[in-house]
Every structure is written in structure tokens, then in C-alpha cells.
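My questions are about this predicted structure, shown below with the sequence.
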Amino acid sequence: MKRCEFCSIIRGEAPAEVLFRNDNAIAILDIRPIHFGHVLVLPIRHVETFIDVPAAECEGLTRALQTVTRAVVHALRPPGFNVFSNNGRAAGQSVFHFHFHITPRYADDNIKFILQLKKYQQDEMSEYGRKIRHAIDPSAVPTQPGR
């Protein structure tokens with residue numbers, strides 16, 4: 001495995017402004033913030049993406065995420081906030097140790113998520129639904145179209 005900068009922080013070998021830690025997660029200030037107070041919440045265990053986080057560790061990770069998000073909102077009083085994660089290079093992940101971002105948002109901050117929303121054609125929505133349901137449970141009975 002290539003040297004992971006987040007693992008170095010977790011082990012105390014690299015500096016970071018640590019805000020919170022429990023058995024499954026650590027929260028640190030981002031060194032290149034979108035806004036001041038931008039926080040990263042990452043699992044203690046090195047995993048690359050969200051789907052790699054062991055189920056037994058998800059509760060502690062999301063509890064940390066919610067605790068720190070509340071603290072950011074209480075301390076900084078932003079009128080809004082984003083919680084997001086980038087998983088995989090195509091999604092913008094640059095450090096391949098899974099992490100959530102918490103960033104305060106302001107009405108005039110000029111940060112835009114430029115989306116090109118799509119529209120399902122004919123039976124495409126039910127076909128995508130069928131594929132995903134099958135991946136969740138291959139033995140599941142297919143639902144009726146439109147449900």
C-alpha cells in the first residue's frame with residue numbers, strides 16, 4: 001500500500017487539527033478548506049471508499065459525522081452546510097482513504113454544483129430499479145412496473 005497521509009495523521013505521525021475521535025472515526029480540519037471550518041471525518045481503519053467501511057464500524061463513523069456536523073453548525077452558525085464524500089477518481093476523490101467532508105455554506109459563497117440532470121426514457125427507470133434491487137437481493141421478487 002502506498003503511504004497514506006490520513007493514516008499518518010491517525011497514528012499521530014503527521015500534524016493535524018484534531019477535533020474529535022472515537023473508536024471508529026477521527027475528525028480533523030481540512031488543510032485546504034472550501035470555507036474556514038471545513039472538516040474531514042474519516043474512519044480509523046484504512047479503507048478506500050464508503051462501500052469498503054465494515055458494517056460494524058459504520059455506526060461509530062456516522063455518529064462521529066453527526067456529532068461534528070452539529071458542532072460546526074453550533075460554533076460557526078452558517079445558514080447551511082454540506083456533508084459529502086467523493087468515492088473514486090471519477091467522483092473527485094484525491095486521497096484514497098475514505099472520508100466525509102462537512103463544510104459550512106453561505107448564501108453568497110458562489111459555490112455551485114453544476115448538474116446536468118437527466119430524464120429516464122420509457123422503461124429505463126424500472127430497468128435501473130430492477131438491476132439495483134437484484135444487486136441488493138438476487139432472490140427478491142421483481143416489483144410491478146411503476147412501483
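In hand now; what should we look at?

a strand runs through Thr103, doesn't it?
Yes - read with DSSP: H, G, I helix; E, B strand; the rest coil, Thr103 is one of the residues of a strand.

For it, name its beta-bridge partners.
For Thr103, the beta-bridge partners under DSSP bridges are Asn82.

again, but for Val18
Going by DSSP bridges, Val18 forms beta bridges with Ile28.

and the gap between it and Arg11?
Distance, Val18 to Arg11, using C-beta to C-beta, to the nearest Å: 12 Å. Glycine gets a C-beta too; all of them are placed from N, C-alpha and C.

So which of the two has more stuff around it?
Neighbour totals were compared for Val18 and Arg11, and Val18 leads with 13 against 10 (other C-beta atoms under 10 Å).

Report the contact partners of that one.
Val18 makes contact with 9, 26-28, according to C-beta atoms under 8 Å, 6 or more residues apart in numbering.

For PyMOL, write the selection for the buried entries among those residues.
Burial among the contacts of Val18 is assessed by 16 or more other C-beta atoms under 10 Å; the matching PyMOL selection reads:
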select buried, resi 9+26+27+28
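
Out of the contacts of Val18, which two sit at the greatest distance?
Ile9 and Ala27 (10.9 Å; C-beta to C-beta).
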